[in-house]
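> pasting the structure only:
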C-alpha cells in the first residue's frame, strides 16, 4: 500500500487548526494553539479491523478536510475511496469509491482532481459536495498522474506509466 505501514501522519494548518491523518492516525482536528483534540473522525467500523484501514491527508479547502482511505481486507482486494469531512464538526459530508486505476487523486484549490485511466478521463469534483464539475479526455495509451505542486492544474502523462522523453505535460483550465 502507498506510504507503507506506520509512515506517520501528514498534517496541514487551516484557519487556526491542524488537520492530520496517517496510517496510525484516524483523521483528526487539533486546536492550533493548545494541541487539544477538537474531534477525531470515526472511519473504521470496528477496532478489530483497524489494521486493514489506511488514511492519507489530501488537504483542506473550502471548510472540508479530504482524506484518501484504503481498506485491505485480509486476502481481499484493496478498496480506495475519498472521504470529505466538515472541518468544524468532523462529520462526513460525502464519500466516493475510486476506480482501481484512479488512485492518484490530488486537491487543487476547491477541486478534487481524479485521473481515471480505465475510463480515459480526468474528472474534477467539488471539494464541498463531491459533485462532478467537469471531465476532460486523457491522451489514449498513456498513464496520467497529477503533477506535484500548488501552481496550476497539470497532469504528467506517459506511455506505460514511466516518465521519459515521450512524457506529456498537460495544463487544464480550472473552469
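Good, I have the coordinates. This one's a predicted model, so the numbers in the text were calculated from it and none came from an experiment.

> pLDDT score assigned to residue 76?
We have a pLDDT of 77 for residue 76.

> okay, it and residue 52: tell me how far apart.
The gap separating residue 76 from residue 52 is 9 Å, by Cβ to Cβ, to the nearest Å. (Glycine included, C-beta is placed from N, CA and C.)

> more neighbours: those two, which one.
A count of neighbours by other Cβ atoms under 10 Å puts residue 52 above the other of residue 76 and residue 52, at 17 against 9.

> wait, isn't the more buried one in contact with residue 72?
Yes: here residue 52 reaches residue 72: they are 5.5 Å apart, a contact under Cβ atoms under 8 Å.

> got the contact list for the lowest-mean-pLDDT helix or strand in the chain?
Every helix and strand of the chain was ranked by mean pLDDT, DSSP states H and E. The lowest is strand 142-146, at a mean of 76. For strand 142-146, the external contacting residues (Cβ atoms under 8 Å, 6 or more residues apart in numbering) are 104-106, 108, 113, 115, 117, 122, 138, 153-161, 168, 170.

> cool, and stretch 122-137?
By Cβ under 8 Å, 6+ apart, the residues outside stretch 122-137 that reach it are 61-64, 66, 82, 84, 93-96, 107-108, 110-116, 120-121, 138, 144, 155, 172, 174.

> if you set the cut-off to 7 Å instead, what comes out?
Stretch 122-137 has contacts (Cβ atoms under 7 Å, 6 or more residues apart in numbering) with 61-62, 64, 66, 84, 94, 96, 107, 110-116, 120-121, 138, 155, 172.

> please convert the buried members of those into ChimeraX selection syntax.
What follows is the ChimeraX syntax for the buried subset of the contacts of stretch 122-137, where burial is set by 16 or more other Cβ atoms under 10 Å:
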select :61,64,66,84,94,96,107,111,112,113,114,115,116,121,138,155,172
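
> how about residues contacting the helix or strand residue 157 falls within?
Per DSSP states H and E: residue 157 is located in strand 154-159. Residues outside strand 154-159 that contact it (Cβ under 7 Å, 6+ apart) are 115, 122, 138-139, 141-147, 163-164, 166-171.

> just the angle for it relative to strand 142-146, thanks.
Per axes from the mean of the first three to the mean of the last three Cα atoms, to 10 degrees, the angle that strand 154-159 makes with strand 142-146 is 160 degrees.

> just checking, what packs against the helix or strand just after strand 154-159?
As assigned by DSSP H and E, the chain's next helix or strand after strand 154-159 is strand 168-171. Helices and strands touching strand 168-171, by 3 or more Cβ pairs under 7 Å, 6 or more residues apart in numbering; DSSP states H and E, are strand 154-159.

> and the helices in the protein?
Ranges of helices in the chain, per DSSP state H: none exist.

> where are the low-confidence patches of it?
1-7, 24, 43-51, 101-103, 148-152, 160-164 (pLDDT under 70).
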